[in-house]
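# For reference, the sequence and a predicted model appear below.
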2 protein chains.
Amino acid sequence: MTIENTSSNKAFGGWHKQYRHPSSTLSCDMQFAIYLPPQASESTPVPVLYWLSGLTCTDENFMQKGGAQRMAAELGIAIVAPDTSPRGDNIADDDAYDLGQGAGFYVNATQSPWAKHYQMYDYINEELPELIKSTFPVNDKWSIAGHSMGGHGAIMMALRTPEKYASASAFSPIVNPINCPWGEKAFSAYLGDDKADWREYDSTELLRKSSTQIPMLIDQGLADNFLAEQLKPQSLVAAATDKEYPLTYREHEGYDHSYYFISSFIEDHLRFHAKHL
Amino acid sequence: MTIENTSSNKAFGGWHKQYRHPSSTLSCDMQFAIYLPPQASESTPVPVLYWLSGLTCTDENFMQKGGAQRMAAELGIAIVAPDTSPRGDNIADDDAYDLGQGAGFYVNATQSPWAKHYQMYDYINEELPELIKSTFPVNDKWSIAGHSMGGHGAIMMALRTPEKYASASAFSPIVNPINCPWGEKAFSAYLGDDKADWREYDSTELLRKSSTQIPMLIDQGLADNFLAEQLKPQSLVAAATDKEYPLTYREHEGYDHSYYFISSFIEDHLRFHAKHL
């Protein structure tokens, strides 16, 4: 396995670094970013927060705009930000921003032309953590977080494999993709027409069936343009209430869907994960 | 005077907003961004930090990547980020990144084809503050800061009109533009061949002649690719030492020229300005 360091920037006493590597799961080269806090060393490996970004993003958006490094450095947590889909000239794509490259939706596609490369669930949940663990001074404690499509990915993965994650959090997540336009479009393309397959990637459906609980935090802006049609947090909140699931859901007057919202509350998310890592 | 609000995002309890307005100084429409902290109101106007960005930047880079809003909200300081040059299809430009649009160098151009629009010194030092004062709940206390070309702009303006600014600071500033490739190229294009005209915009020359002192803070990364050839902070430090000028100059091992460096130390700059505002 070759992994190539493509950039390094010192930040808050630690290091932001980008890497490229061939992904066997996705059958293409992938780029990711990692923030290593100053505490990280072979003798003091640190826990990892995986951050999943939203539609159109790469590994760069959260690292540049999220403002997370300050608190990650203070708390001694590494952050890994993967890309949001396979990428490349020979990878299936679509002209729309919400399908294809930049819009992998963190599922394992079963349909043509997507199935060959669009295996983001296995990439994020299996291949990438193995690569991170074998390459960097990190320990076995992981949490997962994300924004919008990435909030869907984070909560969905935490619900499917709760044994892997100490905690999960999200900003403005798509929590019921089988019942919103973004999710219906992506899931029918990637997974086909059988809605039983869709439910395996739907956080609201998964939470209803869950038997293991992990702490969850969700922040939602009330001036978010996508709130009513796409995000529908109340679906998940209702399911959590029914099951007495440990979900903290917070609404924020005036905040929108942007990184200005994320940066305003990212400290709370890092402190939340630090309690469980 | 018309001024048009083009975007608004709540951040840290305050508001990031972008505006467009016709500039009489620059003879074109200009965009700027302002962060208004939660304390800002007609009954409690707040002081203003003007932030001047570097080559290729617009009003957006610092607001998105600088991580300044958290501390500006805590300290009750507004931040204004102007663009780095006049912009538009009918505005003189150059194919290079370090001349023309995105590279105004904060001077009043005297040479063709630049003189018609490239009057950034007067725009930043005169027109924009008047517009800010008449539009937003701010008081008469201003400080100025910037990065690289914008660090040059901030220190140079503070030295030329110290009565306007309570304090000045910079990350990785060009402090002796008359003696570096970026400055020589831009000043000869904008100001012509007479180096006496160049010295009026050179911080090291201005500091040597200064009779009024204002507090200054400069942070410089030692892994900055532009340090030796373009930035030359020791020219200014030597002049400040000679004059016992109140300049605090700090060097940071491992940090580069990027916003990762700025975001790592922006809290110190905001606290520095808050002491003087």
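Ah, there it is.

# which residues of the stretch 1-150 of chain A score low on pLDDT?
In the predicted model of the stretch 1-150 of chain A, residues A:1 satisfy pLDDT under 70.

# can you tell me which helix or strand the closest residue to residue A:106 other than its chain neighbours belongs to?
Sequence neighbours aside, residue A:153 is the residue nearest to residue A:106 in space, at 3.3 Å (criterion: CB to CB, 6 or more residues apart in numbering or on different chains). For the C-beta atoms, the positions are set from N, CA and C on the backbone; glycine is no exception. Element membership for residue A:153 (DSSP states H and E) is helix A:149-160.

# Let me know the average pLDDT across the helix or strand following that helix.
Per DSSP H and E, the first helix or strand lying C-terminal to helix A:149-160 is strand A:168-171. Taken as a whole, strand A:168-171 carries a mean pLDDT of 98.

# returning to what we had before: which residues does the residue nearest to residue A:106 contact?
For residue A:153, the contact set (CB atoms under 8 Å, 6 or more residues apart in numbering or on different chains) comprises A:52, A:105-106, A:120, A:124, A:146.

# Repeat the analysis, applying 6 Å as the threshold.
For residue A:153, the contact set (CB atoms under 6 Å, 6 or more residues apart in numbering or on different chains) comprises A:52, A:106, A:146.

# Would you mind reformatting these (as TSV) and adding columns for secondary structure and neighbour count while you're at it?
What follows is the contacts of residue A:153, written out as TSV (DSSP: H, G, I helix; E, B strand; the rest coil; neighbours: other CB atoms under 10 Å in any protein chain shown):
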residue	secondary structure	neighbour count
A:52	strand	31
A:106	coil	25
A:146	strand	31
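
# now, among these, which is nearest to residue B:138?
For the contacts of residue A:153, the residue nearest residue B:138 by CB to CB is residue A:146; the value is 37.1 Å.

# I'd like to check which residues are in contact with that closest one.
A:52, A:153-154, A:170.

# mind redoing it with 7 Å?
Counting by CB atoms under 7 Å, 6 or more residues apart in numbering or on different chains, residue A:146 touches A:51-53, A:153-154, A:170, A:173.

# Strands of chain A, start to end?
A:4-11, A:14-23, A:28-36, A:46-52, A:78-82, A:138-147, A:168-171, A:216-221, A:247-252 (DSSP state E).

# Highest mean neighbour count out of those strands?
When the strands of chain A are scored by mean count of other CB atoms under 10 Å in any protein chain shown, the highest mean neighbour count falls to strand A:168-171 (a mean of 30).

# Find the nearest non-adjacent residue to residue A:46, please.
In space, and not counting its chain neighbours, residue A:46 is closest to residue A:40: 4.6 Å by CB to CB, 6+ apart.

# and the one you found, how many neighbours?
23 (other CB atoms under 10 Å in any protein chain shown).

# Can you find which helix in chain A contains the most residues?
Counting residues, the longest helix found in chain A (DSSP state H) is helix A:259-276.

# what residues does the stretch 1-150 of chain A put near chain B?
Those residues of the stretch 1-150 of chain A that sit near chain B, judged by CB under 7 Å from any CB of the partner chain, are A:9-12, A:16, A:64-65, A:67.

# Name the nearest of those relative to residue B:244.
For the residues of the stretch 1-150 of chain A next to chain B, the minimum distance to residue B:244 (CB to CB) is 32.3 Å, reached by residue A:10.

# Verify the contact between the closest one and residue B:255 for me.
Yes - between residue A:10 and residue B:255 there is a contact under CB atoms under 7 Å: 4.8 Å.

# any common contacting residues for those two?
By CB under 7 Å, 6+ apart, the residues touching both residue A:10 and residue B:255 are residue B:223.

# roughly how far apart are the most centrally placed residue in chain A and chain B?
Most central in chain A under CA atoms, centre = their mean is residue A:52, positioned 2.3 Å from the mean C-alpha point. Using CB to the nearest CB, to the nearest Å, we find residue A:52 at a distance of 20 Å from chain B.

# Distance-wise, check that residue relative to residue A:161.
Distance from residue A:52 to residue A:161, counting by CB to CB, to the nearest Å: 14 Å.

# which non-adjacent residue is nearest residue A:232?
Counting by CB to CB, 6+ apart, residue A:176 is the residue found nearest to residue A:232 once chain neighbours are left out, at 5.0 Å.

# In contact with the one you found, which residues are there?
Applying CB under 7 Å, 6+ apart, we find residue A:176 in contact with A:202, A:204, A:232, A:235-236.

# ok, of those, which one's closest to chain B?
Of all these, residue A:232 has the smallest distance to chain B: 21.5 Å, by CB to the nearest CB.

# okay but that closest one is in contact with residue A:173, surely?
No - using CB under 7 Å, residue A:232 makes no contact with residue A:173, being 9.6 Å away.

# neighbour-wise, which of the two wins?
For the pair residue A:232 and residue A:173, the greater number of neighbours falls to residue A:173 (32 against 20), based on other CB under 10 Å.

# That one and residue A:54: what is the separation?
9 Å.

# Touching both of those two, which residues are there?
Listed contacts common to residue A:173 and residue A:54 are residue A:148; contacts here mean CB under 7 Å, 6+ apart.

# And for chain A, the residue most distant from the center?
Distance from the C-alpha centroid of chain A, by CA atoms, centre = their mean, peaks at residue A:43 (28.1 Å).

# And it, how close does it get to residue A:277?
Distance from residue A:43 to residue A:277, by CB to CB: 18 Å.

# shouldn't residue A:173 be in contact with residue A:152?
Yes - Residue A:173 is within contact range of residue A:152, at 5.3 Å (criterion: CB under 7 Å).

# and the residue of the stretch 101-250 of chain A nearest chain B?
Nearest residue of the stretch 101-250 of chain A to chain B (CB to the nearest CB) works out as residue A:223 at 6.9 Å.

# and that residue, what are its phi and psi?
Here is the backbone geometry of residue A:223 (degrees, to the nearest 10): phi -100, psi 20.

# so who does it touch?
Residues counted as contacts of residue A:223 (CB under 7 Å, 6+ apart) are A:254-256, B:10.

# Now the residue in the stretch 51-200 of chain A that chain B sits nearest to: closest residue in space that isn't a chain neighbour?
Relative to chain B, the nearest point of the stretch 51-200 of chain A is residue A:67 (4.6 Å; CB to the nearest CB). Nearest residue to residue A:67, sequence neighbours excluded (CB to CB, 6+ apart): residue A:263, at 3.9 Å.

# What is the burial count for the one you found?
Residue A:263 has 20 neighbours, counted by other CB under 10 Å.

# swap in residue A:68?
25.

# Might you report the residue contacts of it?
Contact partners of residue A:68, counting by CB under 7 Å, 6+ apart, are A:79, A:266, A:270.
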